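Trainee: Have a look; sequence and predicted model below, questions after that.
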2 protein chains.
Amino acid sequence: MARKQTSTYSSNEQYLTPCDLTYALGKIGGRWKLQILDKLEQGKMRYSDLRRDFMHITERMLTLQLRAMERDGLLRRSVYAGVPVRVEYELSDMAIELGPILKQLSLWGKRNRTDTGIETNKDRNF
Amino acid sequence: MARKQTSTYSSNEQYLTPCDLTYALGKIGGRWKLQILDKLEQGKMRYSDLRRDFMHITERMLTLQLRAMERDGLLRRSVYAGVPVRVEYELSDMAIELGPILKQLSLWGKRNRTDTGIETNKDRNF
DNA sequence: GCCATTACTTACATGAATGTGTGTAACGAA
DNA sequence: TTCGTTACACACATTCATGTAAGTAATGGC
């Protein structure tokens, strides 16, 4: 969030940050965040469970996305000490509120898809 | 859209394209697209008008975003031959449908903003 | 012929997001 | 003592998005 303040790229953020919509989209903007959100709608999960379910996401990216979502208030992270450690992730109220809105966006996308021949997900909520 | 198909980055798209929500977010994902969408809600505009209103957006980026939005069906682009040329951009029906949904997302963002001290826009629809 | 205007286009440079591979702490089990 | 498990952290490489600066076609006005 707090960047170097030198480059044009960074200073252009002044035109973006006042917008609540840009802010909202920023929170879900990572490449794997929607999949994580979707999976966690089924309930609390351990880090290792997420890893298993998302074999295509590298550990680094999974951790980065989870931590960003935690910082942004989308996830709650609980650490249970012991060996080995147990870490659980679950959706916050804020993230749960987001569900229905994203569902609408998803339907808009489905209605207006022009790239035919792509098999869209039936088993995914959004 | 059609990328090299070689790198992991590219081949990972197979896990993203089936999702209608990812597809929808992709259409509005460019850095300046929301501002353009917002501006064009007031009606049809010439390229030069957009340029004047968005002095912080370079011509290259403005053109790129406009063309991408046209390809994605969000904008209609009309060329009126003559010298100098006149080019007008306006929202498509699909883009107009999007308005209320984005408005909801924007409100969600406003409700849940944690970065206090940032003056949010009052004069912007979303 | 020369300049001005509109709506771009192109080559190049920079920055951010994502991916690769290896390393680590904490301990209990063998 | 070495091994295994969990949940990461770190240094480095690649790919994509964005920004910079200059050039262009068409044509009317001077």
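Mentor: Yep, it's here. This structure is a prediction, so every number in the text was calculated from the model and none was measured. Numbering: from 1, shown residues only, chains lettered A, B, ... in the order given.
Trainee: beta partners for A:Met45?
Mentor: Per DSSP bridges, the residues bridged to A:Met45 are A:Tyr89.
Trainee: What is the burial count for it?
Mentor: A total of 18 residues lie near A:Met45 under the criterion other C-beta atoms under 10 Å in any protein chain shown. C-beta: built from backbone N, CA, C; applies to glycine.
Trainee: Can you name the residues that contact it?
Mentor: For A:Met45, the contacting residues are A:39, A:88-90, by C-beta atoms under 8 Å, 6 or more residues apart in numbering or on different chains.
Trainee: and the spatially most central residue of chain A, how far is that from B:Leu37?
Mentor: Most central in chain A under C-alpha atoms, centre = their mean is A:Lys33, positioned 2.3 Å from the mean C-alpha point. Counting by C-beta to C-beta, to the nearest Å, the separation of A:Lys33 from B:Leu37 is 22 Å.
Trainee: State the pLDDT value of the residue nearest to A:Met61 when sequence neighbours are not counted.
Mentor: Beyond its immediate neighbours in the sequence, the residue positioned closest to A:Met61 (C-beta to C-beta, 6 or more residues apart in numbering or on different chains) is A:Trp32, lying 6.2 Å away. Among the per-residue scores, A:Trp32 holds a pLDDT of 98.
Trainee: and A:Trp32, what does it touch?
Mentor: Neighbour list for A:Trp32: A:54, A:57, A:61-62, A:65 [criterion: C-beta under 8 Å, 6+ apart].
Trainee: Which ones, among these, also lie beside DNA strand C?
Mentor: Filtering those for neighbours of DNA strand C using C-beta under 7 Å from any atom of the strand leaves A:57, A:61.
Trainee: out of the contacts of A:Trp32, which is most surrounded?
Mentor: Scoring those on neighbours with other C-beta under 10 Å, the highest-scoring entry is A:Gln65 at 22 neighbours.
Trainee: Outside of the helix or strand hosting A:Leu50 itself, list whatever touches it.
Mentor: Per DSSP states H and E, A:Leu50 falls inside helix A:47-53. Outside of helix A:47-53, the residues that reach it under the criterion C-beta under 8 Å, 6+ apart are A:36, A:39, A:57, A:59, A:62, A:66, A:87-89.
Trainee: cutoff 6 Å now
Mentor: By C-beta atoms under 6 Å, 6 or more residues apart in numbering or on different chains, the residues outside helix A:47-53 that reach it are A:Val87.
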